[in-house]
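Undergrad: After the sequence you'll find the predicted model.
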Protein chains: 2
Amino acid sequence: MISLLRKSFPNAITQTNRVVRCKSKQDKCARNALIILAPGAEEMEFTISADVLRRAKINVTVAGLHGCEPVKCSRSVVIVPDTSLEHVVTRGDYDVLVLPGGLAGNKALMNSSAVGEVLRCQDSKGGLIAAICASPTALAKHGIGRGKSVTSHPDMRPQLMELYCYIDDKTVVQDGNLITSRGPGTTFDFALKITEQLVGVEVAKEVAKAMLWPYKP
Amino acid sequence: MISLLRKSFPNAITQTNRVVRCKSKQDKCARNALIILAPGAEEMEFTISADVLRRAKINVTVAGLHGCEPVKCSRSVVIVPDTSLEHVVTRGDYDVLVLPGGLAGNKALMNSSAVGEVLRCQDSKGGLIAAICASPTALAKHGIGRGKSVTSHPDMRPQLMELYCYIDDKTVVQDGNLITSRGPGTTFDFALKITEQLVGVEVAKEVAKAMLWPYKP
């Protein structure tokens, strides 16, 4: 199947076999994001994050949690990842790791030792980690950022309030290298906060304007 | 490739070969939506529409404009459709047709005689047609709803203002069977307006609440 997908999507699939991202002088300074896509992920949270970051000229790699095969998301949208987490986990040097939510997707993230490994590696070097909706509980499961201020989907509050300083009244919370947010309806602001951190508020403003999003940095 | 995808996603792919949607008493009254997915479509506009409608228990069929193969969207998110437009065009009885935007995606919609056919068929029976961002210009190209009130991405205004009553100051405009909207940042309201029309404002409110979206009917 991969060979067939490669035929149809050479750019998407060849990312499996490359780590080099600075292809030219032009993108020497480009920033890199890794989004981990698990079966059952919330497809709006995934798609808005990937799209907004790419609009900001951030290189986004979409890594399937269990491989390169198409991933069926929470509301049956089927998305083809660029590569597999297994392939990038030991090679990546990402400016941000992004975890979409979705109940089943988040459960898979919580149960994955590879996700734990990549999160702890990113955290140990102070790299940005961004989690939305249910997925802040995957941070808790893997021991990331305990004691910091976070938010999440309100349904996840009970699992987080004793381990973190839980914030109820903001759509996006940043505490150091941790960015968390609440659900599909807050994903534009979540992705724009990541954009702001990686490439600056002016780029975030431009991206928001083109999307007709009322962004307030 | 289709057989391989079928193996991985039996539910998604078998939709290619079925028209029967009322599988049980339970969904006898279910409403049906067709979203046409063209290469270069805006993936946020596609995904938010599909996801919100499915959260409202509306049966959503995602039809690839050029077939069942995975579709590369405007910011390189690759999505696998449920079926092809060719397959559903003569069979469908949909409560709403949804056209996502995206410049290249919209160009493909404009250039497709099959899209023109399915739109005119839907319009002739007074069925809902919903278009967002660039895609209201596809309605213009195929002669749908001229003279009605519409909106679109502001960049498309010049192509629409002489054919329609163009509205600048609303995120979603409904005039009879036509629902139009402006861009990625207005897609939640666009999808909730469709939801409201098909299954009622109370369902739309519930869906919005679960997504943490500040919906104002």
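TA: Structure received.
Undergrad: ok, which stretches of chain A are helices?
TA: Assigned by DSSP state H, chain A shows helices spanning A:2-8, A:10-14, A:43-55, A:85-89, A:103-110, A:113-124, A:136-141, A:157-160, A:187-199, A:201-211.
Undergrad: among those helices, which is nearest B:Glu42?
TA: Of all the helices of chain A, it is helix A:43-55 that lies closest to B:Glu42, at 7.8 Å by C-beta to C-beta. (Each C-beta comes from the backbone N, C-alpha and C, glycine too.)
Undergrad: Which positions in the closest one come out as buried?
TA: A:43-55 (16 or more other C-beta atoms under 10 Å in any protein chain shown).
Undergrad: Out of the helices of chain A, which is the most enclosed?
TA: helix A:43-55 (a mean of 28; mean count of other C-beta atoms under 10 Å in any protein chain shown).
Undergrad: nearest to B:Lys125, of the helices of chain A?
TA: Going by C-beta to C-beta, the one of the helices of chain A nearest B:Lys125 is helix A:43-55, 30.8 Å.
Undergrad: Residues in a beta bridge with the residue most central in space within chain A, which ones?
TA: To find the centre residue of chain A, average its C-alpha atoms and take the closest one (C-alpha atoms, centre = their mean): that gives A:Val98, at 1.7 Å. Assessed by DSSP bridges, A:Val98 has beta-bridge partners A:Ile35, A:Ala130.
Undergrad: my guess is it meets A:Ile35, correct?
TA: Yes: with contacts counted by C-beta atoms under 8 Å, A:Val98 reaches A:Ile35, the gap being 4.4 Å.
Undergrad: Now do the shared contacts for these two.
TA: A:Ser49 (C-beta atoms under 8 Å, 6 or more residues apart in numbering or on different chains).
Undergrad: Domains in chain A, by residue range?
TA: A:1-30, A:31-211 (automatic domain parsing).
Undergrad: Dump those domains to TSV, plus mean pLDDT and distance to B:Gly67.
TA: Formatted as TSV, the domains of chain A follow (pLDDT from 0 to 100; distance: least, C-beta to C-beta, whole Å):
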stretch	mean pLDDT	distance to B:Gly67
domain A:1-30	45	11
domain A:31-211	97	15
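Undergrad: what residues does stretch A:111-125 touch?
TA: A:34, A:36, A:38, A:65, A:85-86, A:89, A:92, A:94, A:97, A:99, A:109, A:128-129, A:138-139, A:141-145, A:177.
Undergrad: and chain B, which of those residues contact it?
TA: Near chain B, judged by C-beta under 8 Å from any C-beta of the partner chain, there are no entries from these.
Undergrad: got the contact list for A:Ala108?
TA: Per C-beta under 8 Å, 6+ apart, neighbours of A:Ala108: A:Ala38, A:Pro39, A:Gly40, A:Leu65, A:His66.
Undergrad: burial count for the second one?
TA: By other C-beta atoms under 10 Å in any protein chain shown, 18 other residues sit near A:Pro39.
Undergrad: got it, and the third one?
TA: Around A:Gly40 there are 22 other residues, counting by other C-beta under 10 Å.
Undergrad: How about the last one?
TA: A:His66 is flanked by 16 other residues according to other C-beta under 10 Å.
Undergrad: tell me the phi and psi of it?
TA: Main-chain torsions, A:His66, degrees, to the nearest 10: phi -110, psi 10.
Undergrad: how about the nearest residue to it, chain neighbours excluded?
TA: Counting by C-beta to C-beta, 6 or more residues apart in numbering or on different chains, A:Pro39 is the residue found nearest to A:His66 once chain neighbours are left out, at 7.0 Å.
Undergrad: Now do that neighbour against chain B, distance only.
TA: To chain B, A:Pro39 is 11 Å away according to C-beta to the nearest C-beta, to the nearest Å.
Undergrad: so what's A:Leu34 up against?
TA: Per C-beta under 8 Å, 6+ apart, neighbours of A:Leu34: A:Val60, A:Thr61, A:Ala63, A:Val88, A:Gly92, A:Tyr94, A:Val96, A:Leu97, A:Val98, A:Val118.
Undergrad: From the residues you listed, pick the one nearest chain B.
TA: For these, the closest approach to chain B (C-beta to the nearest C-beta) belongs to A:Val60, at 8.0 Å.
Undergrad: The closest one: what's it in contact with?
TA: By C-beta under 8 Å, 6+ apart, the contact list for A:Val60 reads A:Asn32, A:Ala33, A:Leu34, A:Ile35, A:Ala50, A:Leu53, A:Arg54, B:Ser76.
Undergrad: Now do the contacts for the second one.
TA: Right, the one you point to is A:Ala33. Neighbour list for A:Ala33: A:Leu53, A:Ile58, A:Asn59, A:Val60, A:Thr61, A:Tyr94, A:Asp95, A:Val96, A:Leu97, A:Val98, A:Ile194, A:Leu198 [criterion: C-beta under 8 Å, 6+ apart].
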